[in-house]
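Enquirer: No sequence on hand, only this structure:
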């Protein structure tokens, strides 16, 4: 019989505890892939599940299924070493955005308009461009402090050899996009991406936000 902590100590190598989940340096299935991506695999001792968030891997299942691959048996009377989880983690420090924000570049403006977004909406959301003409979505917290930038290549079709089409400026604070403009005492619509949020706003519903990093990432909850 083996529990999640024992399994991690025995099979996952170096790991950290993040949001009460076991987060090893490398996924035991894909080992980070060609680029050796780190910290993409999460093992949840409370839900008894695992998942790799690396897109081309996507390994997921129950802890019981995982242990069978190692000829072990899951102990669902989980005697977790609670002291590892109960210690209050130090508050995470985030890095303030550093990218210089410019007015929307012509190619970025053309792309945004091709998505049906008008200039009034562009101005409302304070959309900008970086020095390369990419679209920048500035994120502000409820105190209107600029805490994060998301950057998007202004092209509809992205070639495979290109880098990812959207990314964040490193180590920014994960908050909800547009949260500085909503009325928190009224119902809030939460969307999955910046374009969804902007489109809903332009369609007439003003109290709308977007999560920052996709539905699997819940870091924003503790920051909002």
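Expert: Here it is on my side, so go on. A quick note: this is a predicted structure, and the numbers were derived from the prediction, not measured. Numbering: from 1, shown residues only.
Enquirer: and the closest residue to residue 186 other than its chain neighbours, how many residues sit next to it?
Expert: By the measure of CB to CB, 6 or more residues apart in numbering, the closest residue to residue 186 outside its immediate chain neighbours is residue 207, 5.4 Å from it. (Each C-beta comes from the backbone N, C-alpha and C, glycine too.) Per other CB atoms under 10 Å, the neighbour tally for residue 207 reads 16.
Enquirer: what's the helix or strand for residue 68?
Expert: Using DSSP states H and E, residue 68 sits in helix 63-69.
Enquirer: May I see the buried residues of that helix?
Expert: Within helix 63-69, the residues scored as buried using 16 or more other CB atoms under 10 Å are 63, 66, 67.
Enquirer: counting contacts, what elements does that helix pack onto?
Expert: When contacts are defined as 3 or more CB pairs under 8 Å, 6 or more residues apart in numbering; DSSP states H and E, helix 63-69 packs onto helix 4-11, strand 49-52.
Enquirer: how does it look with 7 Å?
Expert: strand 49-52 (3 or more CB pairs under 7 Å, 6 or more residues apart in numbering; DSSP states H and E).
Enquirer: chain center to the strand it packs on: distance?
Expert: For strand 49-52, the separation from the chain centroid amounts to 16 Å (computed by CA atoms, centre = their mean, to the nearest Å).
Enquirer: what mean pLDDT does that strand have?
Expert: On average, the pLDDT along strand 49-52 is 95.
Enquirer: Give the pairing partners of it; include direction for each.
Expert: According to DSSP bridges, strand 49-52 has the following sheet partners: strand 41-44 (antiparallel), strand 60-62 (antiparallel).
Enquirer: ok, residues contacting the last one?
Expert: Contacts with strand 60-62, where a contact means CB atoms under 7 Å, 6 or more residues apart in numbering, come from 48, 49, 50, 51, 52.
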